[in-house]
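Structure for this input, please:
(2 chains)
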Protein chains: 2
Amino acid sequence: MLNLFNNSRRGFIKTAAVGTIASLSIPQIVAAASTASKGKKIRLEKDDIILFQGDSITDAGRDKTNLTANNNKALGTGYSFLTTCELLNKHPDKNFTIYNRGISGNKVYQLADRWDNDCLNLKPAVMSIMIGVNDFWHTLTNGYTGTVEVYKNDYIKLLDRTKTALPNLKLIILEPYFVNGIRPEEAKWHPAFDDYQQVAREIAEKYEATFIPLQSIFNEAVKQAPPKYWTPDGVHPSMAGASLISHAWLDVVKG
Amino acid sequence: MLNLFNNSRRGFIKTAAVGTIASLSIPQIVAAASTASKGKKIRLEKDDIILFQGDSITDAGRDKTNLTANNNKALGTGYSFLTTCELLNKHPDKNFTIYNRGISGNKVYQLADRWDNDCLNLKPAVMSIMIGVNDFWHTLTNGYTGTVEVYKNDYIKLLDRTKTALPNLKLIILEPYFVNGIRPEEAKWHPAFDDYQQVAREIAEKYEATFIPLQSIFNEAVKQAPPKYWTPDGVHPSMAGASLISHAWLDVVKG
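Got it, this is the predicted structure:
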């Protein structure tokens, strides 16, 4: 099941086109990942409604009582906020409306439960989604019994429903990632979690989404600073990690 | 008293070197401002301690019970946070220690009151300071009786004290700004507040600080989107405005 991922991984390294991978700067890592993802860049248009969806990494402490667009409290302090600040600054002529509807702890089926309010009714032109780490992680910690097949089927059902309601939606799928060298139960994550990542990649291809290979990006970043520099617990990004994700996101769009 | 400011303003426009100013992109505005500021770029070194000081614009809702470095709650959600995320992401090898000690409502004398704890004892290698809008604003709203001479003398005393304790400090002074077209009492700000801006500029020259001409930057930005897009109340930046300040900051340093 991991062939495609491995192929893409080789593509990522090849794209770097430098003598040693260890010498890549962070902007080079982001650019190489964007090229390796093979997705076409998404053109952001005037009046676009942009939606960030996902779990705690997307949520990042947002005020869930504040549902307004382009609002710093409503956006949290993660990559969604950083990306929004950058988009609003760089494109003052575009009149973007930007929402964050990530919720900490969510798995795919929990997105489905709130999808009318938190996606379809917002009528996004662009949806960015990062989901999957809890679909696996909670099988270790919360007694969750969902399998990788459940993740895949739930994700497909969610995106079928989304594409039916919003046929022109431009979709960005962020790979769920896990950074080694931090968590004591690390061995339990592999190869099980790699299969979830493979599903995310296959789903991106199926729906012609732009895929952001965050695992490859973090794998390169940890050559430059210890794993905890990028994510204190292996899952949630530090400020540096959130900025890394944000740059990867910005690298797959054009204004 | 406004000659230098006016000269620099002409310098700013000349630096832009394009047919019409209205066609400048936001990155061009930032770059032109950096060139016009005439300050040399500050080189950030490994292990640098970087301190953001100022008022509410710097504070930006930070958790004042959290005094740790490189912490998102301790940094607020303004330009200090955005700048820190970018610095930590782009320079994973530099081991920066970054603090925000801005406090909402502060004037220069209030910085002085807390300067040992909130500056000198932190032993910054780089200090960024934006102060002055309340030194004027509170004369309109709070019955504050300080004059522009008080602002100047307080600021000089503060920086003399700082340079004595930290002779190698690299100093970045951000111009206090006020955006027209929003506040009903706008006429009361001019020319009085312009004199405060001139003081900030003169002080930057006196201490060989790198000066960031935020007024010029916001003056150009409002040609691209309405004033409220950049600052809802004329003083505090929106997310777009915070990003604008952050980019201007990042443009005067090199890694």
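
Which elements pack onto the longest helix seen in chain A?
Secondary structure of chain A read by DSSP state H shows that its longest helix is helix A:148-165. Contacts defined by 3 or more CB pairs under 8 Å, 6 or more residues apart in numbering or on different chains; DSSP states H and E place helix A:148-165 against helix A:108-113, helix A:115-118, helix A:133-141, helix A:192-206. For glycine as for every other residue, the C-beta is placed from the backbone atoms N, C-alpha and C.

Not counting it itself, show me its contacts.
The contact list for helix A:148-165 (CB atoms under 8 Å, 6 or more residues apart in numbering or on different chains) reads A:107-109, A:111-112, A:115, A:119-120, A:127, A:131-132, A:135-136, A:146, A:169, A:171, A:192, A:195-196, A:199-200, A:202-203, A:206-207.

Which residues of the stretch 151-255 of chain A lie near chain B?
For the stretch 151-255 of chain A, the residues in contact with chain B (CB under 8 Å from any CB of the partner chain) are A:221, A:224-225, A:229, A:238-244, A:246-247.

now with 10 Å?
A:221-226, A:229-230, A:237-247, A:255 (CB under 10 Å from any CB of the partner chain).

And the buried ones among those residues, selectable in PyMOL?
Filtering those down to the buried ones (16 or more other CB atoms under 10 Å in any protein chain shown) takes a single PyMOL command:
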select buried, chain A and resi 221+222+224+225+229+230+237+238+239+240+241+242+243+244+245+246+247
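
what's the closest non-adjacent residue to the most centrally placed residue in chain A?
Centroid-nearest residue in chain A: A:Leu174, 2.6 Å away (criterion: CA atoms, centre = their mean). Spatial nearest neighbour of A:Leu174, excluding adjacent residues (CB to CB, 6 or more residues apart in numbering or on different chains): A:Met130 at 3.7 Å.

That neighbour contacts A:Asn100, doesn't it?
No - A:Met130 is beyond contact range of A:Asn100, at 11.5 Å (criterion: CB atoms under 10 Å).

Quickly list what's touching both of the two.
Common neighbours of A:Met130 and A:Asn100, using CB atoms under 10 Å, 6 or more residues apart in numbering or on different chains, are A:52-54, A:58, A:79-80.

Just confirm A:Ile103 contacts A:Gln53, I think it does.
Yes - using CB under 10 Å, A:Ile103 is in contact with A:Gln53, at 9.0 Å.

shared neighbours of these two, anything?
A:59, A:111, A:114, A:118.

What's the local residue count around the residue nearest to A:Leu174?
For A:Met130, the count of nearby residues is 25 (other CB atoms under 10 Å in any protein chain shown).

what bridges to it?
Taking DSSP bridges as the rule, A:Met130 bridges to A:Gly54, A:Leu174.

all strands of chain A, in order?
A:42-43, A:49-54, A:97-100, A:126-130, A:170-174, A:210-212, A:253-254 (DSSP state E).

Can you give the distance from the fifth one to the centre of its chain?
Between the mean C-alpha location of strand A:170-174 and the chain-wide mean there is a distance of 8 Å, by CA atoms, centre = their mean, to the nearest Å.

do the same with the fourth one
A distance of 7 Å separates the centroid of the chain from that of strand A:126-130, by CA atoms, centre = their mean.

Tabulate the CA atom coordinates of it in CSV.
Output of strand A:126-130 as CSV, limited to C-alpha atoms (Å, rounded to 0.1, in the frame of the first residue of the first chain):
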residue,chain,number,x,y,z
VAL,A,126,-11.3,26.9,-1.6
MET,A,127,-11.3,24.3,1.1
SER,A,128,-8.1,23.3,2.9
ILE,A,129,-8.4,20.1,5.0
MET,A,130,-6.0,18.3,7.3
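
what's the average pLDDT for that strand?
Mean pLDDT, computed over strand A:126-130, is 98.

how much does it deviate in direction from helix A:148-165?
Strand A:126-130 runs at 170 degrees relative to helix A:148-165, counting by axes from the mean of the first three to the mean of the last three CA atoms, to 10 degrees.

Buried by neighbour count: which residues of strand A:126-130 qualify?
Going by 16+ other CB under 10 Å, strand A:126-130 has these buried residues: A:126-130.

Likewise for the fifth one?
By 16+ other CB under 10 Å, the buried positions in strand A:170-174 come out as A:170-174.

for the longest one, same thing?
Residues A:50-54 are the ones in strand A:49-54 that count as buried (16+ other CB under 10 Å).

a markdown table please, covering those residues and showing pLDDT.
Shown next, in a markdown table, are the buried residues of strand A:49-54 (pLDDT from 0 to 100):
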| residue | pLDDT |
| --- | --- |
| A:Ile50 | 98 |
| A:Leu51 | 99 |
| A:Phe52 | 99 |
| A:Gln53 | 99 |
| A:Gly54 | 98 |
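
how about the residues you listed, which pair is most distant?
Pairwise distances across those (CB to CB) peak at 13.5 Å, for the pair A:Ile50 and A:Gly54.

Need the overlap of contacts for the two.
What both A:Ile50 and A:Gly54 touch, as defined by CB under 10 Å, 6+ apart, is the set A:80, A:100, A:128.

what would the residues you listed look like in CSV with distance to chain B?
Formatted as CSV, these follow (distance: CB to the nearest CB, whole Å):
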residue, distance to chain B
A:Ser80, 11
A:Asn100, 12
A:Ser128, 17
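
isn't A:Thr68 right next to B:Met239, touching?
No - look at A:Thr68 against B:Met239 with CB under 10 Å: they stay out of range, at 12.0 Å.

any common contacting residues for these two?
A:Leu75.

Can you pull the residues of the stretch 1-150 of chain A lying near chain B?
Checking the stretch 1-150 of chain A against chain B by CB under 10 Å from any CB, the hits are A:25-27, A:30, A:60-61, A:70-73, A:75-79, A:81-82, A:84-96, A:98.

Give me the buried subset of those residues.
Buried, going by 16+ other CB under 10 Å: A:26, A:30, A:60-61, A:70-73, A:75-79, A:81-82, A:84-92, A:94, A:96, A:98, out of those.

low pLDDT regions in the stretch 101-250 of chain A?
The stretch 101-250 of chain A contains no residues with pLDDT under 70.

OK, contacts around A:Asn117?
A:67, A:101 are the contacts of A:Asn117 under CB under 10 Å, 6+ apart.

quick one: it and B:Ala60, what's the gap?
30 Å (CB to CB, to the nearest Å).

ok, now which ones touch A:Phe52?
A:58-60, A:62, A:75-76, A:78-81, A:83-84, A:98-102, A:124, A:126-130, A:172, A:174, A:249.

so what's it closest to, chain neighbours aside?
A:Ser80 (4.1 Å).

can you check A:Tyr144 too?
Per CB to CB, 6+ apart, closest to A:Tyr144 is A:His138, 3.7 Å.

my read: that neighbour touches A:Thr147, true?
No - A:His138 is beyond contact range of A:Thr147, at 12.0 Å (criterion: CB under 10 Å).

Give the residues shared as contacts by those two.
Counting by CB under 10 Å, 6+ apart, nothing touches both A:His138 and A:Thr147.

And the pLDDT at A:Gln28?
84.

isn't it right up against A:Glu220?
Yes - using CB under 10 Å, A:Gln28 is in contact with A:Glu220, at 8.7 Å.

would CSV of the shared contacts of A:Met130 and A:Asn100 with distance to A:Asn142 be doable?
Listed next are the shared contacts of A:Met130 and A:Asn100 as CSV, based on distance: CB to CB, whole Å:
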residue, distance to A:Asn142
A:Phe52, 24
A:Gln53, 21
A:Gly54, 18
A:Thr58, 19
A:Tyr79, 24
A:Ser80, 24
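
can you count the residues close to A:Asp47?
9.

Contact partners for it?
A:94-97, A:125.
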